[in-house]
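S.K.: Predicted coordinates and the sequence they were generated for:
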Amino acid sequence: MRIELINKFPKLPIVLLALSLGIAGCRRDRARPQLDPALASGSSEISDDNPTPEEVETAIREKPFDAKKVAKEKLHASNNAYEIAWAQFKPFDLSKGDGEKVYRWSRRWMEAQRDMATNKIENLAAIKAHFDRMRRLEEEVQNYARGTIPFQQMEATRFYRAEAEAWLAEEKSK
């Protein structure tokens, strides 16, 4: 049954979450994982039937979802992805990275920090950190030799900073 899969692969829900967030991808140059021979041969005990509500409830009770653990994983992954995106963007080689990627990962990092926040000050700090990163991005682009970066890129970074500034002002007013 499907419950047995969850028991056999306890990190499966986390991997699926990571895949849906786009932080864990498959590269073609990596070896493909091999299926368990029992599963590949069709001799497994897994049926095509959906689990009953009682089976689902039992599985949930046995292995509860650890929201804090997943939130920490999202926080660390988004932080790392942001740092990689910034490193790719920093030399201003737009073929390797652009402000959009830096913005996306900064925003995801902010959202992960806000998910972990337990009070208004931590929530405000997450938004402020995103605002600071977007202001830094805008300054880097604006200070770089004008005319060598597409105008759209300059305007996009201005938008990212303005959006973060608006979120910060809104949070401060609460």
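M.R.: Sure, I can see it. Computed from a predicted structure; not experimentally measured.
S.K.: which residues of this protein fall in helices?
M.R.: Applying DSSP state H to the chain gives helices spanning 2-8, 12-21, 37-40, 53-62, 67-89, 99-116, 120-143, 151-173.
S.K.: As a markdown table, these with mean neighbour count would be great.
M.R.: For the C-beta atoms, the positions are set from N, CA and C on the backbone; glycine is no exception. A markdown table is the format used below for the helices of the chain (neighbours: other C-beta atoms under 10 Å):
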| stretch | mean neighbour count |
| --- | --- |
| helix 2-8 | 14 |
| helix 12-21 | 13 |
| helix 37-40 | 11 |
| helix 53-62 | 11 |
| helix 67-89 | 16 |
| helix 99-116 | 20 |
| helix 120-143 | 17 |
| helix 151-173 | 15 |
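S.K.: ok, of those helices, where does mean pLDDT dip lowest?
M.R.: The weakest mean pLDDT among the helices of the chain belongs to helix 37-40, with a mean of 45.
S.K.: quick one: contacts of stretch 108-123?
M.R.: Residues outside stretch 108-123 that contact it (C-beta atoms under 8 Å, 6 or more residues apart in numbering) are 21, 71-72, 74-75, 77-79, 81-82, 125-127, 129-130, 171, 174.
S.K.: end-to-end on that stretch?
M.R.: Separation of the first and last residues of stretch 108-123 by C-alpha to C-alpha, to the nearest Å is 14 Å.
S.K.: Please renumber the chain so that the first residue is 37 from this point on.
M.R.: Yep, numbering from 37; the last one is stretch 144-159 now.
S.K.: what residues go with each domain of the chain?
M.R.: Listed by automatic domain parsing, the domain ranges of the chain are 38-98, 103-209.
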